[in-house]
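Engineer: with the sequence up front, the predicted model follows.
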Amino acid sequence: MGASASARLPRADRGFTLLETLVALAVLATALTALTAAAGSSARQIDALRTRTLAGWVAENRVSEILLAKDAPADGERRGEATLAGRRWRWHERVAPTADPALVRVEVEVRPADAPPTSSPAAALVAFRGRGG
């Protein structure tokens with residue numbers, strides 16, 4: 001009775017076959033996997049952008065301190081740490097003479113404190129300052 005009754009139903013009223021259901025599930029699983037990967041990639045890009053932005057602010061703060069100081073910094077390299085937005089940052093500052101003896105070149109590189117010292121800086125900034133007070 002069941003087999004003969006379903007045989008008389010029009011095709012549209014019978015529902016999906018097992019194969020059609022499995023294909024639909026496979027398509028859905030593929031789409032969800034791609035969506036999850038895209039969301040993860042987006043989250044990583046947002047974190048990297050946040051890191052570069054905050055590191056840039058740390059570099060700008062360090063350069064501002066140098067430019068506002070009464071005396072120009074001595075030539076050479078200095079390292080230090082700063083805290084911004086609840087994160088610790090390491091800065092590396094290089095002060096070098098320029099072709100103009102009245103100016104010094106100041107380069108500041110910033111990395112997250114937990115990054116290896118040999119890693120690429122998250123931000124780098126170059127400024128020039130007069131040697132006079």
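Structural biologist: The structure has been received and is ready for your questions.
Engineer: what are the phi and psi values at Ala38?
Structural biologist: The phi and psi torsions at Ala38 (degrees, to the nearest 10) take the values phi -70, psi -40.
Engineer: which ones are touching the residue nearest the centre of the chain?
Structural biologist: Against the mean C-alpha coordinate of the chain, by CA atoms, centre = their mean, the closest residue is Ala48 at 0.5 Å. Ala48 makes no contacts at all, as judged by CB atoms under 8 Å, 6 or more residues apart in numbering. (Each C-beta comes from the backbone N, C-alpha and C, glycine too.)
Engineer: ok, now how distant is it from Arg62?
Structural biologist: As judged by CB to CB, to the nearest Å, Ala48 and Arg62 stand 21 Å apart.
Engineer: give me the low-pLDDT residue ranges for this structure?
Structural biologist: Screening the chain residue by residue with the criterion pLDDT under 70, one finds the ranges 1-13, 133.
Engineer: hmm, try it at 80
Structural biologist: 1-14, 132-133 (pLDDT under 80).
Engineer: this protein: strands as residue ranges?
Structural biologist: Ranges of strands in the chain, per DSSP state E, are 76-84, 87-97, 103-112, 123-130.
Engineer: would you format the ones you listed as JSON lines with mean neighbour count and distance to Ala69 included?
Structural biologist: JSON lines is the format used below for the strands of the chain (neighbours: other CB atoms under 10 Å; distance: least, CB to CB, whole Å):
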{"stretch": "strand 76-84", "mean neighbour count": "12", "distance to Ala69": "12"}
{"stretch": "strand 87-97", "mean neighbour count": "17", "distance to Ala69": "11"}
{"stretch": "strand 103-112", "mean neighbour count": "20", "distance to Ala69": "11"}
{"stretch": "strand 123-130", "mean neighbour count": "15", "distance to Ala69": "9"}
